[in-house]
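show me the folded form of this:
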Amino acid sequence: MNVFDFAMKMEMDGKAYYEKLARQTSLAGLRTIFTRLAEDEQKHYEIFQALRTGGKVQTMQESRAIADAQNIFAELVSGAIAAGGSKDDLAAYRHAMKLEADSFRLYEDTAAKESMAEVKGLLLKIAGEEHKHFNILENIYHFVNAPNQYLAWGEFSNLEEFRQFGRDVDG
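Next up, the predicted model:
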């Protein structure tokens with residue numbers, strides 16, 4: 001399997017995964033983000049398909065996912081929607097983050113080995129897109145996981161220990 005076939009499979013797997021996440025989420029904003037990410041993966045697939053067949057690759061359009069994600073997060077936060085994702089959701093987001101990290105590393109490594117400047121530039125641009133996808137997913141993860149990170153439950157549980165902080169006290 002050559003690098004283009006491998007990249008095409010990765011992009012289709014990513015698209016399928018984002019479509020699955022879009023179907024599973026109950027929040028319309030997150031569904032939109034996952035749909036945009038799936039669309040981006042389809043664009044990347046088409047680019048690699050053209051490269052594999054030796055066809056002319058048109059310039060890659062900028063992703064709408066980042067701008068959409070920024071707007072959606074602003075709406076989610078201002079609407080005070082409690083995300084509170086399940087452990088399955090959080091695991092899915094972490095898995096998606098790993099896939100994106102693996103993707104951008106692969107494309108950066110492949111670009112470093114590429115001799116054709118046009119292909120190298122395109123690979124680096126796709127790597128950049130995958131890095132942006134990682135950042136979006138990381139923000140989703142932190143947003144959904146925020147209720148699990150609430151500190152007030154433990155803030156006052158060990159005041160006695162805190163009073164002794166910095167003192168040499170023998171039991």
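
excluding its backbone neighbours, what's nearest residue 133?
Leaving out its chain neighbours, the residue that sits closest to residue 133 by C-beta to C-beta, 6 or more residues apart in numbering is residue 100, at 4.7 Å. For the C-beta atoms, the positions are set from N, CA and C on the backbone; glycine is no exception.

quick check, that neighbour in contact with residue 137.
Yes. Residue 100 is within contact range of residue 137, at 6.1 Å (criterion: C-beta atoms under 8 Å).

and these two? Which one has more around it.
residue 137 (26 against 23; other C-beta atoms under 10 Å).

ranges for the helices of this structure?
For the chain, helices defined by DSSP state H occupy the ranges 3-24, 28-53, 65-78, 87-113, 117-145, 152-155, 159-163.

tally of neighbours for the closest residue to residue 49 other than its chain neighbours?
With sequence-adjacent residues excluded and distances taken as C-beta to C-beta, 6+ apart, residue 49 is closest to residue 8, at 6.1 Å. Other residues near residue 8 come to 20 when the count uses other C-beta under 10 Å.

which residues touch residue 8?
45, 48, 49, 52 (C-beta atoms under 8 Å, 6 or more residues apart in numbering).

list just the nearest of those residues to residue 109.
Using C-beta to C-beta, residue 48 is the member of the contacts of residue 8 that lies nearest residue 109, at 15.0 Å.

wait, the closest one touches residue 7, no?
Yes. Using C-beta under 8 Å, residue 48 is in contact with residue 7, at 4.6 Å.

average pLDDT across stretch 33-51?
Averaging the model's pLDDT scores along stretch 33-51 yields 86.

what comes up buried for it?
The neighbour-count check on stretch 33-51 (16 or more other C-beta atoms under 10 Å) flags 33-42, 44-45, 47-49, 51 as buried.

quickly name whichever of those residues is closest to residue 130.
Proximity of the buried residues of stretch 33-51 to residue 130 (C-beta to C-beta) peaks at residue 44, which lies at 8.0 Å.

can you give me the distance of the closest residue to the closest one other than its chain neighbours to residue 54?
Leaving aside its chain neighbours, residue 44 sits nearest to residue 11 (4.6 Å; criterion: C-beta to C-beta, 6+ apart). For residue 11, the distance to residue 54 (C-beta to C-beta, to the nearest Å) stands at 19 Å.
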